[in-house]
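K.L.:
starting from these lines, generate the structure:
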Amino acid sequence: MVKKYIRDLEYFLENIDQYKDKILFLFIKPYWPRKIIPNHISYVRVAIGIALFIILFFFGIEDKILVMSLFCIGVLTDFLDGPVARGTNKVTEFGAMLDSTADRILLIPVAVYALFHNYKWLLLVLFLTEVLGAVISLYYKSKEIYLESNIFGKIKMVMMSIAFIAILLNWPAAPNQTFIYLLWLSIPFSVLGAFTRILEIKKIYVKNI
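P.N.:
Sure, this is the predicted structure:
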């Protein structure tokens with residue numbers, strides 16, 4: 001029964017995501033420069049995540065406009081790379097792995113920066129759920145199993161992006177508790193993403209027996 005509810009929720013959210021793709025495809029399919037592949041967009045997000053880490057923790061630069069601008073550009077690349085891959089028929093296993101890895105690299109420095117002093121438990125739980133997702137991804141990669149992007153992971157990324165943008169806008173003042181609650185709310189979506197991955201891997205094993 002629980003699996004059915006999760007599948008129904010997954011189907012509902014995937015339908016919403018498909019509408020987003022259809023709108024973006026109106027621009028992507030005819031106009032997107034084919035020399036810029038989806039992985040290039042993900043690499044930009046990786047570079048931004050590394051740059052934020054260096055700026056915040058090595059140079060101690062806390063310029064709100066700079067940090068906010070870099071983070072928003074990173075979020076924009078996450079919004080684009082998946083639709084570009086699907087719209088230009090360049091969906092690959094490596095691209096899916098790179099996408100999720102780039103998300104984590106972008107989020108971690110901002111999460112530590114925004115939450116470490118006052119919300120250590122929240123930061124710890126967010127970190128552990130990301131580790132869980134990464135371990136499962138590495139596991140199915142080691143078994144040469146290809147799984148497409150997970151809708152629960154996408155929703156989690158949207159929720160966390162909105163929350164961190166709002167927190168950064170208000171920095172260094174204390175964040176509005178609404179966005180702290182939004183981060184807590186993103187955690188079940190991370191867990192659901194990991195759970196559905198496990199179900200998909202189990203289904204593949206059953207078929208191969």
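
K.L.:
so where's this protein uncertain?
P.N.:
Along the chain, segments meeting pLDDT under 70 span 1-5, 8, 139-149, 201-209.

K.L.:
which residues in the protein form helices?
P.N.:
2-31, 38-57, 64-87, 93-115, 120-142, 151-170, 177-208 (DSSP state H).

K.L.:
for these, give me CSV that also has mean neighbour count.
P.N.:
C-betas here are computed from N, CA, C, even on glycine. Listed next are the helices of the chain as CSV, based on neighbours: other Cβ atoms under 10 Å:
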stretch, mean neighbour count
helix 2-31, 12
helix 38-57, 18
helix 64-87, 19
helix 93-115, 20
helix 120-142, 15
helix 151-170, 20
helix 177-208, 16
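
K.L.:
how much space separates the nearest residue to V125 once chain neighbours are set aside from V158?
P.N.:
Nearest non-adjacent residue to V125, counting by Cβ to Cβ, 6 or more residues apart in numbering: I187, 6.0 Å away. Noted for I187: a distance of 14 Å to V158, by Cβ to Cβ, to the nearest Å.

K.L.:
let me see the contact set for I136.
P.N.:
A194, R197, I198 (Cβ atoms under 8 Å, 6 or more residues apart in numbering).

K.L.:
go through those and name the one nearest L52.
P.N.:
Using Cβ to Cβ, A194 is the member of the contacts of I136 that sits closest to L52, with 25.4 Å.

K.L.:
from A96, how far off is the closest one?
P.N.:
15 Å.

K.L.:
got it, and L76?
P.N.:
Taking Cβ to Cβ, one finds L76 at 19 Å from A96.

K.L.:
with L169 instead?
P.N.:
31 Å.

K.L.:
before we move on, the earlier item: surely the residue nearest to V125 meets L126?
P.N.:
Yes. The criterion here is Cβ atoms under 8 Å, and I187 meets it with L126 at 6.9 Å.

K.L.:
so what's F25 closest to, chain neighbours aside?
P.N.:
Distances taken as Cβ to Cβ, 6+ apart place G87 nearest to F25, at 4.8 Å, with adjacent residues excluded.

K.L.:
likewise for C72?
P.N.:
Counting by Cβ to Cβ, 6+ apart, the nearest residue to C72 once its immediate chain neighbours are dropped is I165, at 6.6 Å.

K.L.:
tell me how far the ends of stretch 134-152 are from each other?
P.N.:
14 Å (Cα to Cα, to the nearest Å).

K.L.:
repeat for stretch 132-152
P.N.:
14 Å.

K.L.:
nearest to N15, of the contacts of I136?
P.N.:
Ranked by distance to N15 (Cβ to Cβ), the contacts of I136 are led by R197 at 20.1 Å.

K.L.:
hmm, L138 and that closest one touching each other?
P.N.:
No. The criterion here is Cβ under 8 Å, and R197 misses it with L138 at 11.3 Å.
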